[in-house]
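Enquirer: What follows is a predicted structure for the sequence shown.
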Amino acid sequence: MADNKAAVTSGYSRLLVGFKKHDSYDKRYINMNEEEKEVIIIPAKEEYNKLIRPGLKRLRVAAYCRVSTSQEKQENSYEAQVAYYTEKIRKNDKWTLAGIYADDGKSATNIKKRDDFKAMLNDCMLGKIDLVITKSVSRFARNTVDSLQYIRKLKDKNIGVIVEKEGINTLENSGELLLTILSSQAQEESRNLSENTRWGIIRKFEKGYVLVNHKKFMGYIKDENCRLVIVPEEAKVVKMIFDLYLQGQSSHQICRSLEAAGIKTVTGKEKWHSSVVLNMLSNEKYMGDVLLQKTSTVDFLTKKRVINKGYVPQYFVKGNHEAIVSIDEFEQVQRERSKRNGMSYENGSVKKRYSSKYALSNVLFCGECGYPYCRVLWKKPGKVKAVWRCKNRLKNGPKACKNSPSIDEGVLHRVIVDAINDRLQKEIGIFNILEYSDSLVYLLIESVKIHESGKLEVRLKSLEWLHNSDVIKNYEL
């Protein structure tokens, strides 16, 4: 027992000697009796002691500036903030400039487009910055969640944020609480501003005031009175796109036709995309009308916009500007799009895809089973003959469709041309179309039903939209 006690005493003495070698220590003695203990305080390293750190080293200080509206630019410009903080940091002997990070014309409700803010956070995480200063809470963030998230990330790295206007230092105990309250207030101010702005825009919509971005709008520009006026050369391209679609071309084929003709997009690109063509075909502005509030903002913080499917009112302004295509032609294109997107067999039971290879594939139906007809080649030695047959009978045999006839393609073409000639002569005075064309079928034929007897029941589309159209002039004699 005595030996053990001696060993412990010896070890304690060595430990005490080691502590005494430390540069700074504090001896505190409590009860000099049995409970006598000696406590030595070993101070924290200066770089981690947030209480003494500012006074013992030069801090690498960065400033964050932001201006988002023209009103703010008048009162406290972007350039003025940058100049102020540059000078302020350089004048402080205990600070060294780590950078000025500034976002001009960016909202503070989220950091998505605030490139300098994200760069500043990244440099903080990399240990390049010790302290951040900013003018006010609203300059730093108007989103409470974002504000707390990034403040805590910086705090974990022992990096403080000083907010001058509100007198906040996030490294202090009350800093985070004050920042949370003030960030919530800034967020609410942003929401009120958003609602007030929206209210003003809606009042303009109700009066028919049109807000249109014309910078990427093929066919129109704005005049000095902010009214849409036609650009003749671009209007020809718009008209061409509508005409090609009604002549049966798909959006992909229209793109290739435009590229082959050397026609560039409104942004000057040589390559066209189907989505651009389809958007143009559905844009009501080309018939002189405007539909306002096609999309709506669902969250003022994220600025997320969605297609307005009845979430908020829409406003349709008729005859707002000069049209490039007629109303009848525009509506014909919309009917054609609906038809191509929702094509089904005559019996309505099976959906089929639109075909731009053969126009008749989209209009020929069997009078018995309702299935479409398809083109097949009958080959004999030295001879090839094109005929149209019921797809159901061809695929599943006579049991599926017993009496559907096969129709010679030449005969089919003659019947369709005769039907079109008769209709055009009666309605708009155009006649004697000499030969069949797929474009004629796309333009004029609604459906052709083939009956068991071989009789063809031809239904033509409404021709009202063709009265003033240039499309049919291609076939005049």
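Expert: Good, I have the coordinates.

Enquirer: what about R423, how many residues close to it?
Expert: Residues lying near R423 (other CB atoms under 10 Å) number 17. Where you see a C-beta, it was placed from the backbone N, CA and C, and this is true even at glycine.

Enquirer: pLDDT value on it, please?
Expert: Note for R423: predicted pLDDT of 77.

Enquirer: Backbone dihedrals for it, please?
Expert: Dihedral pair for R423: phi -70, psi -40, per degrees, to the nearest 10.

Enquirer: wait, it sits on R459?
Expert: No - judged on CB atoms under 8 Å, R423 makes no contact with R459 at a distance of 10.4 Å.

Enquirer: So L424 versus P398, what's the distance?
Expert: Per CB to CB, to the nearest Å, L424 is found 39 Å from P398.

Enquirer: more neighbours, those two?
Expert: Legend: neighbour count by other CB under 10 Å for L424 and P398, higher for L424 (22 against 9).

Enquirer: Secondary structure element holding the more buried one?
Expert: Applying DSSP states H and E as the criterion places L424 in helix 409-427.

Enquirer: so what does that helix touch, helix or strand wise?
Expert: Counting by 3 or more CB pairs under 8 Å, 6 or more residues apart in numbering; DSSP states H and E, the packing neighbours recorded for helix 409-427 are strand 383-390, helix 438-444, strand 445-450, strand 456-460.

Enquirer: Partner strands of the longest one and their direction?
Expert: According to DSSP bridges, strand 383-390 has the following sheet partners: strand 373-380 (antiparallel), strand 407-408 (antiparallel).

Enquirer: Find the one among those with the highest mean neighbour count.
Expert: Ranked by average neighbour count under the criterion mean count of other CB atoms under 10 Å, these are headed by strand 407-408 at a mean of 16.

Enquirer: Beta-bridge partners for the spatially most central residue of the chain, please?
Expert: Against the mean C-alpha coordinate of the chain, by CA atoms, centre = their mean, the closest residue is R305 at 8.1 Å. Listed by DSSP bridges, the beta-bridge partners for R305 are T297.

Enquirer: separation between it and S147?
Expert: Distance of R305 to S147, given as CB to CB: 24 Å.

Enquirer: Could you do K153 as well?
Expert: K153 is 11 Å from S147, by CB to CB.

Enquirer: which of those two has more neighbours?
Expert: Set side by side, K153 and S147 show more neighbours around S147, with 23 against 13, by other CB under 10 Å.

Enquirer: isn't the more buried one right up against L179?
Expert: Yes - counting by CB under 8 Å, S147 touches L179, with 6.4 Å between them.

Enquirer: Any buried residues in stretch 246-253, and which?
Expert: L246, Q247, G248, Q249, S250, S251, Q253 (16 or more other CB atoms under 10 Å).

Enquirer: quick one: contacts for A386?
Expert: Neighbouring residues of A386 by CB atoms under 8 Å, 6 or more residues apart in numbering: R375, V376, L377, W378, D408, E409.

Enquirer: D223: which of those residues is nearest?
Expert: R375 (51.7 Å; CB to CB).

Enquirer: close enough to count as contact, that closest one and Y358?
Expert: Yes - R375 is in contact with Y358 according to CB under 8 Å; the separation is 5.5 Å.

Enquirer: still on that earlier bit, let's have the buried residues of stretch 246-253 in JSON lines, adding secondary structure.
Expert: Below are the buried residues of stretch 246-253 laid out as JSON lines (DSSP: H, G, I helix; E, B strand; the rest coil):
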{"residue": "L246", "secondary structure": "helix"}
{"residue": "Q247", "secondary structure": "coil"}
{"residue": "G248", "secondary structure": "coil"}
{"residue": "Q249", "secondary structure": "coil"}
{"residue": "S250", "secondary structure": "coil"}
{"residue": "S251", "secondary structure": "helix"}
{"residue": "Q253", "secondary structure": "helix"}
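
Enquirer: Can you add pLDDT and distance to V231 and give the residues you listed back as TSV?
Expert: As requested, the buried residues of stretch 246-253 are exported to TSV (pLDDT from 0 to 100; distance: CB to CB, whole Å):
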residue	pLDDT	distance to V231
L246	84	22
Q247	81	24
G248	79	27
Q249	84	23
S250	85	26
S251	88	22
Q253	88	25
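
Enquirer: Closest to Y84 out of those?
Expert: Nearest to Y84 among these, with distances taken as CB to CB, is S251, at 54.4 Å.
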